[in-house]
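In: Dropping the sequence and predicted coords here.
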Protein chains: 2
Amino acid sequence: MQSFVYYTPTKVFFGQDAESHIGEALKGYGVKKVLLHYGGGSIKRIGLYDKVVAQLTGAGIPFVEVGGVEPNPKIRLVRSTVELCRREGVDFLLGVGGGSVSDSCKAVGLGLATGLDPWEAVVKNIVPEKPFPMGLVLTISAAGSEMSNSCVITNEEEHLKRGCNHDANRPTFAFMNPANTLSVSPYQTAAGVVDIMMHTMERYLTRDPDTLLTDRLAEALLRTVRECGARLAQDPSDLEARAQIMWASSLAHNDLTGCGRNKTFTAHKIEHDLSGVHDNITHGAGLAVVFPAWVRYEYRNGLQRFAQWAVNIWDADPQAEPEQAVLEGVANMVSYFRSLGMPTTMEELGVKPEEYETISRLTTDGDSKTIPSFGGPLTSREIQEIYRLAEAPKA
Amino acid sequence: MQSFVYYTPTKVFFGQDAESHIGEALKGYGVKKVLLHYGGGSIKRIGLYDKVVAQLTGAGIPFVEVGGVEPNPKIRLVRSTVELCRREGVDFLLGVGGGSVSDSCKAVGLGLATGLDPWEAVVKNIVPEKPFPMGLVLTISAAGSEMSNSCVITNEEEHLKRGCNHDANRPTFAFMNPANTLSVSPYQTAAGVVDIMMHTMERYLTRDPDTLLTDRLAEALLRTVRECGARLAQDPSDLEARAQIMWASSLAHNDLTGCGRNKTFTAHKIEHDLSGVHDNITHGAGLAVVFPAWVRYEYRNGLQRFAQWAVNIWDADPQAEPEQAVLEGVANMVSYFRSLGMPTTMEELGVKPEEYETISRLTTDGDSKTIPSFGGPLTSREIQEIYRLAEAPKA
């Protein structure tokens, strides 16, 4: 087992009354002025906006607001929001939404806390001395940004999606009411399920031995999410399944399932530039395509590990030869993703072979760097091999 | 699932180099003067004392020290240590030891942060406005105090062991090097394994439905600890097993395994007064006697839940009738505790039938209150029934 640091300071309020704690929590924290940050307005349709505003008003905390955060949140809005917050003397960022809103808040906070251009702070991984405090009222279970140290932002002019990971990105509060995810579409719900699983599986499929407890916890989480994802595909109103998946989204990405293991997050890195270029690709859907291909590309470099993954999570036959078990596991996983309505090929994702070279070279910064993976670093050429493994088998 | 608040702010440094982070962590936190708090001196024999002192000296942080914390830590030492810390202007408590040292630190911190007598602060559950910062260099995997919100102190004059639970009890830092547990005796190692399991099982055996993820995580933890406890009983030098158990000790009691469930911790409450009166009883050993008896007393009030526990953790036959499964599970658990060298009867614990009434009335404050349990509140009479279920079966 590798040495590790585990730090999850986010205070989580979970349950059907989660948002009723916003006022008291922020007041107790000494908040003077809030930025209320959100996306396209669905929070108004479900009545959540009014509840949050009532909490702030009830606690006597003034606020300014910036809506319009897009999926794959953009640096342009982050920059203008930083300016606004400076002018208005905002001392707390309250996001209402999912991973995009959360990451937009985080990038705003990095700009405010460092005094730098937020894109520079993200790309250069500048860690502020003191985190800018923020909270998230979660409305979709997927990114796990509500407890994670990760912030991913898209630079629309440069067609780049880049992230940074450090503890200053961990939110101060998360308010998580499963009922607030009831209006999420089946497609986005499924993409969330895939994203949650991926945060855990990318931690699981790495080289370090002797992480028995971390492995068992990861398997417990994955099997629960698998079961509850299937339940939601049948019945989107299953609130208990939504609750399990919502809590799993946080635990999948606060690093509980990665303690003692080094991580490469290769499929995430490959997917980021697919959805960076194709703005209509949902992150989880992109991962449903890339990850199985990545497993097929890498499994021979860690046959025992991949076989354990296939057996303990995807019901591969424990008596099978390891290679057979892995292939059975991948097939079961792909078939599960399909059952949720997820794409599993590049074609379904809308990415054409003639784009492969261009996009893969974004991931390697124009072939100026490689990205880490299970068996060693990958160049754009190998990333293209993985794309090709994500094509439907030829007839 | 019940609503819950999850808050685990403790920053954990885990691994073979854990204590090398003490200096930087405390300096980064702005610590000016430390109380170094420890037990009977074993930390000097294993060389840990010198390493910790070197860290403080290297970081230029002055310290005063108080050793001599006993198992079932005593309020008398807490009180004199509070006085010393006030005189010396200590602003950070650094414990080096296990749960006793940690809880002694916590009680000292409560005295300092509230300005009250620390016994009063514990018994009246007074929550200070701001926690007094503390860190723990862990030397035994058991109590989970390094991340928990719990503080348990013994009042030797009144023969009372009392605790309080609130977030101000959560340490700021924990430094966890599994190698620092290598000198722990097989008996204390086994008692630690029982204590860890108990923190999880007392959360598991409660009434709330729909906690699938919490259940699966708890089962993952319990099965890992069970396996690694057996490995350590065979080979105490198995450092990887020690690592799994050490990390499990924290996760078992930081409330990860209790999210969404109400808890009664009945066996803990019953055991506290056994070891409060019999100072030679190790907490985990006391629990190994009380808990199986408590299961036998309560299981009919939640047959399905107890059967799930028996099947998923203790390998009871999933095809058996629920009652049969529970009894098989209890038998397997008791036999596991025996295999670790733990006592499983009141007689082995050294508690005599003629003491039952007196001790049980300590737990109910002289019959002025009841304690909560699975099927409803217990009086001293029912506690005595549980004691009797912990006697060896008559021939």
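Out: That came through, no problem. Numbering: from 1, shown residues only, chains lettered A, B, ... in the order given.

In: and the stretch 151-300 of chain A, which residues reach chain B?
Out: A:210, A:212-214, A:216-217, A:219-221, A:223-224, A:227-228, A:240, A:243-244, A:247-248, A:251, A:256, A:259-260 (Cβ under 8 Å from any Cβ of the partner chain). Every C-beta, even on glycine, is put in place using the N, C-alpha and C of the backbone.

In: Which of these fall in helices?
Out: Mapping these onto helices (DSSP state H) picks out A:212-214, A:216-217, A:219-221, A:223-224, A:227-228, A:240, A:243-244, A:247-248, A:251.

In: which of the residues you listed count as buried?
Out: Neighbour-count burial (16 or more other Cβ atoms under 10 Å in any protein chain shown) is assigned, among those, to A:212-214, A:216-217, A:219-221, A:223-224, A:227-228, A:243-244, A:247-248, A:251.

In: quick one, strands of the stretch 51-200 of chain A?
Out: A:63-66, A:92-97, A:134-138, A:150-155, A:160-165, A:173-176 (DSSP state E, counting those that start in this stretch).

In: Report the distance from the worst-scoring helix or strand of chain A on mean pLDDT to the chain centre.
Out: Using mean pLDDT, DSSP states H and E, the weakest-scoring helix or strand in chain A turns out to be strand A:160-165, at a mean of 90. Relative to its chain's centre, strand A:160-165 lies at 12 Å (Cα atoms, centre = their mean, to the nearest Å).

In: again with stretch A:87-99
Out: Counting by Cα atoms, centre = their mean, stretch A:87-99 comes out at 19 Å from the chain centroid.

In: in that stretch, what counts as buried?
Out: Result for stretch A:87-99 [16+ other Cβ under 10 Å]: buried residues A:90-99.

In: what's the answer for stretch A:164-180, then?
Out: Here stretch A:164-180 shows A:164, A:168-180 as buried, counting by 16+ other Cβ under 10 Å.

In: same deal with stretch A:263-276?
Out: Buried, per 16+ other Cβ under 10 Å, within stretch A:263-276: A:263-276.

In: Kindly report the same for stretch A:366-385.
Out: In stretch A:366-385, counting by 16+ other Cβ under 10 Å, buried: A:370-371, A:373-375, A:378-380, A:382-385.

In: Greatest separation within the buried residues of stretch A:164-180: which pair is it?
Out: A:Cys164 and A:Ala179 (32.3 Å; Cβ to Cβ).

In: Excluding chain neighbours, what is closest to the most centrally placed residue in chain A?
Out: What sits nearest the mean C-alpha location of chain A, by Cα atoms, centre = their mean, is A:Ala143, with 2.7 Å. Distance criterion Cβ to Cβ, 6 or more residues apart in numbering or on different chains; nearest residue to A:Ala143, sequence neighbours excluded, is A:Gly99 at 2.4 Å.

In: Name all residues that make contact with that neighbour.
Out: For A:Gly99, the contacting residues are A:140, A:142-145, A:152, A:195, A:283, by Cβ atoms under 8 Å, 6 or more residues apart in numbering or on different chains.

In: Among these, pick out the one closest to A:Pro133, please.
Out: When these are compared against A:Pro133 (criterion: Cβ to Cβ), the nearest one is A:Ser145, at 15.3 Å.

In: Near the closest one, how many other residues are there?
Out: A total of 30 residues lie near A:Ser145 under the criterion other Cβ atoms under 10 Å in any protein chain shown.

In: Can you tell me the number of residues neighbouring the residue nearest to A:Glu120 when sequence neighbours are not counted?
Out: Spatial nearest neighbour of A:Glu120, excluding adjacent residues (Cβ to Cβ, 6+ apart): A:Ile126 at 7.2 Å. With neighbours defined by other Cβ under 10 Å, the count for A:Ile126 comes to 17.

In: Which residues are in contact with A:Ile126?
Out: A:110, A:114, A:116, A:120, A:164.

In: now with 10 Å?
Out: A:110, A:113-116, A:118, A:120, A:164, A:166, A:168 (Cβ atoms under 10 Å, 6 or more residues apart in numbering or on different chains).

In: related to what we said a few turns ago, ok, the residue nearest to A:Ala143 to chain B distance?
Out: As for A:Gly99, its distance to chain B is 19 Å (criterion: Cβ to the nearest Cβ, to the nearest Å).

In: A:Leu56 too?
Out: 20 Å.

In: same question, A:Ala191
Out: From A:Ala191 to chain B the distance is 20 Å (Cβ to the nearest Cβ).

In: Pull up the pairing partners for the biggest strand by length in chain A, direction included.
Out: Determined from DSSP state E, the single longest strand within chain A is strand A:4-14. Counting by DSSP bridges, the strands paired with strand A:4-14 are strand A:173-176 (parallel), strand B:4-14 (antiparallel).

In: chain center to the first one, what's the gap?
Out: Distance, stretch centre to chain centre, for strand A:173-176: 16 Å (Cα atoms, centre = their mean).

In: With stretch A:27-46 instead?
Out: On Cα atoms, centre = their mean, the centre of stretch A:27-46 falls 21 Å from the chain's centre.

In: follow-up on the earlier one: is it possible to export the strands paired with strand A:4-14 to TSV including distance to B:Ser339 and mean pLDDT?
Out: TSV is the format used below for these (distance: least, Cβ to Cβ, whole Å; pLDDT from 0 to 100):
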stretch	distance to B:Ser339	mean pLDDT
strand A:173-176	41	98
strand B:4-14	28	98
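
In: Out of the ones you listed, which is the most enclosed?
Out: strand A:173-176 (a mean of 25; mean count of other Cβ atoms under 10 Å in any protein chain shown).

In: Using PDB, write out the CA atom coordinates for that strand.
Out: Taking C-alpha atoms only, strand A:173-176 is exported to PDB below (Å, rounded to 0.1, in the frame of the first residue of the first chain):
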ATOM      1  CA  PHE A 173     -20.500  22.500   2.700                       C
ATOM      2  CA  ALA A 174     -22.600  20.200   0.600                       C
ATOM      3  CA  PHE A 175     -26.400  20.100   0.800                       C
ATOM      4  CA  MET A 176     -27.700  16.900  -0.700                       C
END
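
In: how much space between A:Ala252 and A:Leu287?
Out: 13 Å (Cβ to Cβ, to the nearest Å).

In: buried ones in stretch A:114-131?
Out: Result for stretch A:114-131 [16+ other Cβ under 10 Å]: buried residues A:114, A:116-119, A:121-123, A:126-128, A:131.
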